[in-house]
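> return a 3D structure for these sequence lines:
(2 chains)
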There are 2 protein chains.
Amino acid sequence: MSIESAIAGLQTFLGNRLNRSKSDLAAHGGSETHFPPMLPDAVAYPESTEEVARIATLCTQEGCPVVGWGTGTSLEAQSLAVRGGVVVDFSRMNRLIQVNAEDMNAVVQPGLTREALNRELRATGLFFPVDPGADASLGGMASTRASGTTTVRYGTMREAVLGLQVVLADGRVIRTGSAARKSATGYDLTALFVGSEGTLGLITELTLRLHGLPEAISAAVCAFDDMKGAVNAVIATIQSGVPMARIEFLDTASVRAVNARSGAGLPERPHLLVEFHGTPAAVAEQAETFGEIAAEFGAAGFRWSDRAEERNRLWEMRHQAYYACLALRPGARALVTDICVPISRLAEAVEETAAEIAASPLEGPILGHVGDGNFHAILLVEPGNAAEMAAAERLSGRMAERALRLGGTVSGEHGIGLGKLGYMASEHGPAWQVMGQLKQALDPAGILNPGKLVPPAAP
Amino acid sequence: MSIESAIAGLQTFLGNRLNRSKSDLAAHGGSETHFPPMLPDAVAYPESTEEVARIATLCTQEGCPVVGWGTGTSLEAQSLAVRGGVVVDFSRMNRLIQVNAEDMNAVVQPGLTREALNRELRATGLFFPVDPGADASLGGMASTRASGTTTVRYGTMREAVLGLQVVLADGRVIRTGSAARKSATGYDLTALFVGSEGTLGLITELTLRLHGLPEAISAAVCAFDDMKGAVNAVIATIQSGVPMARIEFLDTASVRAVNARSGAGLPERPHLLVEFHGTPAAVAEQAETFGEIAAEFGAAGFRWSDRAEERNRLWEMRHQAYYACLALRPGARALVTDICVPISRLAEAVEETAAEIAASPLEGPILGHVGDGNFHAILLVEPGNAAEMAAAERLSGRMAERALRLGGTVSGEHGIGLGKLGYMASEHGPAWQVMGQLKQALDPAGILNPGKLVPPAAP
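Model prediction:
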């Protein structure tokens, strides 16, 4: 029973779709953020659910770790094989299986990316809204319960996934959910697997809820004198019930970064980026209400984008903000924080965070999906500089404590991976042990993404 | 180790809040529908989470079944103590603990009913939308993943519950979720407990998502020449993306029933009952779009209700429809079916069902939350008439098969209880066994609502 004998067994049916080349191990051994590389022993490229089931069965027999891999864009090292073993790369399972336009859903394989899905949907009048920025795989997005700029209106992957096909550790293949819009038949296994970061099973198929493309879309940017005004405008907007499609915050440092990268030419002040979806009349009414609220909090310099190209540029700029911030300090790596608090506590959460970063030796632009109460500080650290890394971890820890003190969560959307594991006990208390019991029930050999999410198994 | 010794132990700390009177056992041994009475051995009335935890701990030690009880209005006998033991009645834990108006949530005890909550919220401008008809307890609604007339707009209890406090079988008290609008920190335990029908834990506190009372509300009824026209109007409306707040169907028999009970004076034809929420302009626009679509499918006799009293009468009539249908045949009991299909298959699901009921010896009015693809046939059966009961079960079984064949679910909202247990294997396949494994992990002694929801434990 060993990793090596598992790999030998996998080779018998995967052939050259089991890769052990140095370059491929390296490509599947890194992350987008500050975590050091951790190489798997092999990378598997299955082409069917049956192959994934054979991988799981064999790896359970051999006690070999199995770690799912979509596009490698997760930010907390969810896909790093911390105990070696096999990374299962789903890039060859990337088909759009079916679009059910009348029921507004699509059935996809886990390796399909969200942008590829939306390209395929273009002719249908439908779209898939969840938008974490990166062109992530849909299986990965489900596994990490991803969300993003449109979540304030359309929800996270929790709301977007109607059903799953999942391969369990012992090779059983199950289906969860149905194509109906609701069901009251037993435990919500769909919700249990969404966000489980590959520790309970490997997702091999997803049924996703789609939405009709809005008849009208309008977007805008506006600037505020200070952070407080911008954040309070968000709070008032959400509380007013305007169905915002997007409402994003960039602090002054983030604006400076996107100006430098995209030539956006925004005034160097805190900004909100907003979008409205609906009928032309509804969009006009929403925009007017938002404009009035924002003006009360000192918004100025409104720039409206009703044309698709302008809007695409706007959101492309937003999506590039992470890389833009990284470029503020050439060569730096980022520790990206991700707290989410009840909307009533957003102003104090952002302001306390900004003050602590200002008092630290680090740069840390703040931006985020403030309509959900979710924001990030991108803490820029020189690789190998232990003092800076310690300062970043201290700031991140203080943010996590702040989120919990204010009734929130240590991760709004990036998940746990390696970066947030240390906060699970304080966020969940004895419920964390319950997660461990569920893991133990479904994966007693502990082969699925070991070292992640649940408490270390008792020796 | 016995039920009797458990009861003796409970008496030491519950005193006269542990009741064994015949009348109280009978009051907690029946259901609203056709199931025969099944009496518990005692009824406990805890007043705190700590007392619930002591009940669970003791009952696990003694192997005594524990069954939660809210208002007893579930339709599939979820709260019947099929193996005796202790029914835990939450009526003394019915406080509204806190309203966080700025964050649009409320913290409640499980025994609070939805109507009581909405009365308490009156001054806040907020409301709790989930509306199963009965004035059910919020703990019971969470346990059965209830939904109802407003689900097409506001979702089910899956969307409404932000977090829970739960007592586990072994007496541990955990909290799930947070007050933030989203989180990506581990398994979605909230969703796991919602809909688990008391088999995984006893809910002792809920944090519920509230919504702003719409600025404008408008409701309407309209009649169609035939069922097909009404159902196709629903399908077209949902597919058009109009954000309906309610869209309910009553067939001719249901209309006859509500006319008889409420003097509604509706023409004896299939009807849709609809409601729109939003700003005045948005409501007017939605109503116009719906009116155009409905007219295409032959709608006539629109009656609009913009005044609150008229609307309240309309929805009171809808909520009384179950009792109105029962009264079509004095003395009858009902077997209530509850299938939910993808919206594109709704017309064939309703029409096939209606044809089979027409060809059967039974009366069975059809009505439901058609905007979700969910509808009910209320099969009227003479108590003790085995042939009629067999005919009703045959029709119900055929509906369940139909739902599954069309990609739907055997229960949109009433849940499993005793009535749908026989369909779990066909709906979920091997995933049903996974539910059993989760149950085994959290309640190895099997004391929580035994005989429900999960596969019978291996001997």
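> can you tell me how far the residue lying closest to residue A:339 once chain neighbours are set aside is from residue A:235?
Excluding the flanking residues, the one nearest residue A:339 by Cβ to Cβ, 6 or more residues apart in numbering or on different chains is residue A:403, at 3.7 Å. Glycine gets a C-beta too; all of them are placed from N, C-alpha and C. Separation of residue A:403 from residue A:235 (Cβ to Cβ, to the nearest Å): 16 Å.
> and for residue A:380?
On the measure of Cβ to Cβ, residue A:380 and residue A:235 end up 28 Å apart.
> please apply the same query to residue A:311.
Taking Cβ to Cβ, one finds residue A:311 at 25 Å from residue A:235.
> contact partners for the residue of the stretch 201-350 of chain A found nearest chain B?
Proximity of the stretch 201-350 of chain A to chain B (Cβ to the nearest Cβ) peaks at residue A:344, 3.7 Å away. For residue A:344, the contacting residues are A:235, B:100, B:102, B:103, by Cβ atoms under 8 Å, 6 or more residues apart in numbering or on different chains.
> okay, and the beta partners of the second one?
Judged by DSSP bridges, the bridge partners of residue B:100 are residue B:105.
> how many other residues sit next to it?
Burial of residue B:100 is recorded as 18 neighbouring residues (other Cβ atoms under 10 Å in any protein chain shown).
> if I look at it, what pLDDT would I see?
Listed pLDDT for residue B:100 reads 96.
> got it, and residue A:283?
95.
> okay, now the unreliable bits of chain A?
By pLDDT under 70, the weakly predicted segments of chain A are A:458-459.
> longest single helix anywhere in it?
Longest helix in chain A by number of residues, with DSSP state H as the criterion: helix A:386-405.
> with just CA atoms, put that one into PDB.
This file holds the C-alpha atoms of helix A:386-405, laid out as PDB (Å, rounded to 0.1, in the frame of the first residue of the first chain):
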ATOM      1  CA  ALA A 386      10.300  36.600   6.900                       C
ATOM      2  CA  ALA A 387       9.600  39.900   8.800                       C
ATOM      3  CA  GLU A 388       7.200  41.100   6.100                       C
ATOM      4  CA  MET A 389       5.500  37.700   5.900                       C
ATOM      5  CA  ALA A 390       5.100  37.800   9.700                       C
ATOM      6  CA  ALA A 391       3.600  41.300   9.500                       C
ATOM      7  CA  ALA A 392       1.200  40.200   6.800                       C
ATOM      8  CA  GLU A 393       0.100  37.200   8.800                       C
ATOM      9  CA  ARG A 394      -0.400  39.400  11.800                       C
ATOM     10  CA  LEU A 395      -2.600  41.800   9.800                       C
ATOM     11  CA  SER A 396      -4.500  38.900   8.300                       C
ATOM     12  CA  GLY A 397      -5.100  37.400  11.700                       C
ATOM     13  CA  ARG A 398      -6.300  40.600  13.100                       C
ATOM     14  CA  MET A 399      -8.800  40.900  10.200                       C
ATOM     15  CA  ALA A 400     -10.000  37.400  10.900                       C
ATOM     16  CA  GLU A 401     -10.600  38.200  14.600                       C
ATOM     17  CA  ARG A 402     -12.400  41.400  13.600                       C
ATOM     18  CA  ALA A 403     -14.700  39.500  11.200                       C
ATOM     19  CA  LEU A 404     -15.600  37.100  13.900                       C
ATOM     20  CA  ARG A 405     -16.100  39.800  16.500                       C
END
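> quick one: contacts of that helix?
By Cβ under 8 Å, 6+ apart, helix A:386-405 touches A:34, A:335, A:337, A:339-341, A:349, A:352-353, A:356-357, A:360-362, A:364, A:377, A:379, A:381-382, A:409-410, A:419-420, A:423, A:426-427, B:180.
> narrow those to those in helices?
Counting by DSSP H, the contacts of helix A:386-405 contribute A:349, A:352, A:353, A:356, A:357, A:426, A:427 to helices.
> next up, the contacts around the first one.
Contact criterion Cβ under 8 Å, 6+ apart gives A:339, A:341, A:373, A:375, A:402, A:403, A:406, A:408 as the residues in contact with residue A:349.
> quick one: which of residue A:311 and residue A:235 has more around it?
When neighbours are counted by other Cβ under 10 Å, residue A:311 and residue A:235 differ, and residue A:235 comes out ahead with 21 against 18.
> who touches the more buried one in this structure?
So residue A:235 contacts A:343, A:344, A:346, A:347, B:102 (Cβ under 8 Å, 6+ apart).
> keep only those of those that are in helices.
A:346, A:347.
> right, and residue A:109 touches residue A:95 too?
Yes. Taking Cβ atoms under 8 Å as the definition, residue A:109 is a contact partner of residue A:95 at 4.8 Å.
> quick one, what contacts the nearest residue to residue A:232 once chain neighbours are set aside?
Leaving aside its chain neighbours, residue A:232 sits nearest to residue A:297 (5.2 Å; criterion: Cβ to Cβ, 6+ apart). Neighbouring residues of residue A:297 by Cβ under 8 Å, 6+ apart: A:224, A:229, A:230, A:232, A:233, A:236.
> reformat the residues you listed as TSV; add neighbour count and secondary structure.
Shown next, in TSV, are those (neighbours: other Cβ atoms under 10 Å in any protein chain shown; DSSP: H, G, I helix; E, B strand; the rest coil):
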residue	neighbour count	secondary structure
A:224	23	coil
A:229	20	helix
A:230	26	helix
A:232	19	helix
A:233	25	helix
A:236	16	helix
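> most widely separated two among those residues?
A:224 and A:236 (12.6 Å; Cβ to Cβ).
> and whichever residue of the stretch 151-300 of chain A sits closest to chain B, which of the three is it?
Proximity of the stretch 151-300 of chain A to chain B (Cβ to the nearest Cβ) peaks at residue A:191, 3.3 Å away. Following DSSP: H, G, I helix; E, B strand; the rest coil, residue A:191 is assigned to helix.
> so it sits right up against residue B:195, yeah?
No. Using Cβ under 8 Å, residue A:191 is not in contact with residue B:195, being 9.5 Å away.
> shared neighbours, the two?
With Cβ under 8 Å, 6+ apart as the test, residue A:191 and residue B:195 both reach residue B:158.
> which residue is the nearest non-sequential neighbour of residue A:61?
residue A:1 (7.4 Å).
> what does residue A:102 give?
residue B:344 (3.7 Å).
> again, but for residue A:220
residue A:304 (4.9 Å).
> wasn't the one you found part of a strand?
Yes. Counting by three-state DSSP, residue A:304 is part of a strand.
> tell me how many other residues crowd it.
15.
> now do residue A:16
What residue A:16 shows, counting by other Cβ under 10 Å, is a neighbour count of 7.
> what separates it from residue A:47, distance-wise?
Distance of residue A:16 to residue A:47, given as Cβ to Cβ: 12 Å.
> just the buried residues of the ones in helices among the contacts of helix A:386-405.
Buried by 16 or more other Cβ atoms under 10 Å in any protein chain shown: A:349, A:353, A:356, A:357, A:427, out of these.
> how close does the first one sit to residue A:407?
Spelled out, it's residue A:349. Taking Cβ to Cβ, one finds residue A:349 at 10 Å from residue A:407.
> now the common contact residues for the two.
residue A:341.
> now do the phi/psi pair for the residue nearest to residue A:232.
Dihedral pair for residue A:297: phi -100, psi 20, per degrees, to the nearest 10.
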